[in-house]
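S.K.: sequence? don't have it. structure:
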């Protein structure tokens with residue numbers, strides 16, 4: 001509701017008041033909000049857009065459309081977006097589980113997409129033909145499958161699947177015409193398939209050793225043999241297989257071997273030589289080439305924001321794109337002829353929109369308008385990066401959203417927002433959840449506690465096997481930092497988070513009962529003993545790294561019990577909101593059920609919202625709106641005074 005009329009009425013009243021009363025009216029006018037406020041439904045009526053998988057075929061064979069995902073109907077589906085402009089053309093019409101578009105076929109209008117069962121994360125790979133017929137290429141009740149890559153000739157596509165062994169992902173080659181398939185790599189060594197060369201010969205495998213240490217291996221799929229170690233090293237070194245070069249002669253690798261941050265190197269397959277490719281003072285998040293190798297795309301995770309570079313590798317010159325709004329470029333996808341590139345642009349105040357650009361001229365064209373036109377973008381808030389001292393003087397980076405109008409004379413309620421993990425990072429960028437809360441007067445501090453990614457490997461590993469201790473106290477310190485700001489109401493600071501952030505929320509209320517006025521726990525872990533014992537089998541080798549970071553339940557169950565809020569609910573005396581997906585395979589619903597029952601037994605107010613058709617995260621718009629309304633209603637009732 002816009003408040004301009006209210007302000008005008010106050011000013012008009014001043015003219016009819018005596019001088020003594022005019023001062024009061026002036027003060028009222030000065031503190032009256034001039035920013036329009038919007039409902040959760042209006043914020044979530046904003047459409048979310050994204051492009052098909054990287055390394056797949058985002059453009060249709062005729063170059064007239066790009067494959068995108070959109071939740072325009074309230075559920076994510078696949079669409080063909082005309083490059084010339086116009087409305088997206090629906091290709092799927094799911095009303096339940098989200099559809100994730102993957103790729104066009106190289107020579108016709110068929111598409112590949114993935115879909116799970118209502119958030120259970122058991123995704124299958126499907127093909128849709130131009131007449132609308134859909135076939136599940138990876139059937140099975142407990143199967144999890146995903147697209148890996150196309151062969152260079154377009155006759156074969158490769159899929160990862162755990163159909164043979166629930167705890168291991170094999171690589172399966174599918175004929176693009178008949179869908180006949182054969183296993184080209186049977187994964188019996190605890191590997192994770194990481195990258196496949198364009199010629200289909202070389203497969204890079206990732207093997208976790210600890211949370212700070214892993215190895216990459218190479219196997220020749222045309223010749224039986226054991227995987228060859230690509231990354232001999234001593235000590236803790238983390239490696240990432242970014243991609244192969246288009247000629248299949250080298251693999252692009254990320255490594256933190258030479259410093260705090262992940263840098264990019266080129267590993268030549270024939271000689272074994274490593275050549276520096278990208279070095280920076282931040283993590284290199286990704287690097288890949290266009291189909292012919294003419295263009296190279298790379299991104300840096302620069303203080304919670306992506307800095308993207310599009311380089312013409314033949315001239316070593318940056319490609320200048322024109323006609324773009326301010327924001328971050330992402331999801332870069334090339335047409336097969338490399339004349340056109342599709343990408344998204346987003347910012348703190350604008351969700352991702354899809355653009356295309358002519359690579360010869362750099363001229364860009366906008367194809368979508370994601371933000372609900374009923375919302376004035378000027379009413380939204382740009383984030384700033386702040387740092388505050390955590391335990392032991394460790395500086396904690398955070399993304400701060402300060403509501404318009406907040407001041408010492410008009411202090412705002414505030415929220416410490418905790419990201420998921422372990423690991424993870426709160427990053428800049430558009431969030432309907434955050435902007436809705438800020439629009440309704442709440443400051444939001446997205447704190448990156450020790451153990452967060454993006455700030456160097458030392459910072460990342462500061463909380464290994466110490467979760468619920470110093471990382472939790474970093475969040476308590478975030479609340480204290482907020483209270484020290486003269487524009488924050490010091491008795492109106494809450495804590496809120498999802499997944500690992502939900503755990504920190506519940507733990508803060510249990511172990512630091514006076515630190516926050518209330519907490520919002522969104523599918524948070526409450527019982528680490530059960531959670532770590534019930535990890536889905538398809539996590540496979542990832543379990544090694546998780547146990548290294550969190551501790552093995554077989555040997556660390558006592559510590560897990562000590563840090564689990566479910567076993568310490570007697571300390572919770574502040575109001576709590578719990579939100580849970582019934583199909584969540586990571587944080588089982590029973591976790592939230594038990595927490596809610598135990599806290600209610602204390603006589604503490606607890607609101608509980610369960611979504612029967614969601615998992616670890618909410619993919620349906622109606623559910624996101626319901627959850628958002630619940631957040632604001634709860635915070636207004638128990639935090640704002």
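M.R.: All right, it came through fine. Just so it is clear, the structure is predicted and the values come from calculations on it, not from any experiment.

S.K.: where in the stretch 401-550 of the chain is pLDDT low?
M.R.: In the prediction, the stretch 401-550 of the chain carries residues with pLDDT under 70 at positions 540-541.

S.K.: ranges for the helices of it?
M.R.: 432-439, 457-460, 470-484, 500-511, 528-533, 542-550 (DSSP state H, counting those that start in this stretch).

S.K.: and among those, the most buried is which?
M.R.: Using mean count of other CB atoms under 10 Å, the stretch among the helices of the stretch 401-550 of the chain with the largest mean neighbour count is helix 500-511, at a mean of 28. For glycine as for every other residue, the C-beta is placed from the backbone atoms N, C-alpha and C.

S.K.: state the phi and psi torsions of the residue nearest to residue 76 when sequence neighbours are not counted.
M.R.: Nearest residue to residue 76, sequence neighbours excluded (CB to CB, 6 or more residues apart in numbering): residue 98, at 3.9 Å. In this entry, residue 98 is assigned phi and psi values of phi -70, psi 140 (degrees, to the nearest 10).

S.K.: count of residues packed around residue 98?
M.R.: Residue neighbour count, defined by other CB atoms under 10 Å, stands at 22 for residue 98.

S.K.: from residue 87, how far out is it?
M.R.: The gap separating residue 98 from residue 87 is 20 Å, by CB to CB, to the nearest Å.

S.K.: swap in residue 569?
M.R.: When CB to CB is the yardstick, residue 569 and residue 87 sit 51 Å from each other.

S.K.: neighbour-wise, which of the two wins?
M.R.: Set residue 569 next to residue 87 and count neighbours by other CB under 10 Å: residue 569 wins out with 23 against 10.

S.K.: just confirm the more buried one is within a strand.
M.R.: No: counting by DSSP: H, G, I helix; E, B strand; the rest coil, one finds residue 569 to be helix, located in no strand.

S.K.: low pLDDT regions in this protein?
M.R.: Residues of the chain that meet the criterion pLDDT under 70 lie in 1-33, 540-541.

S.K.: which residues sit against the longest helix seen in it?
M.R.: Of all the segments of type helix in the chain, defined by DSSP state H, the longest one is helix 621-638. Contacts with helix 621-638, where a contact means CB atoms under 8 Å, 6 or more residues apart in numbering, come from 40-41, 43-45, 71, 74-75, 413, 415, 432-433, 436-437, 440, 442, 494, 496, 517-518, 520, 522, 574-575, 577, 579, 605, 607, 609, 611, 613-614, 618.

S.K.: try 7 Å this time
M.R.: Helix 621-638 is touched from outside by 40-41, 44, 71, 74, 433, 436-437, 440, 442, 494, 517-518, 520, 575, 577, 579, 605, 607, 609, 611, 614, 618, with contacts defined as CB atoms under 7 Å, 6 or more residues apart in numbering.

S.K.: OK, contacts around the residue nearest to residue 420 when sequence neighbours are not counted?
M.R.: For residue 420, the nearest residue in space outside its immediate sequence neighbours is residue 499; the separation is 3.7 Å by CB to CB, 6+ apart. For residue 499, the contacting residues are 420, 523-524, 587, 616, by CB under 7 Å, 6+ apart.
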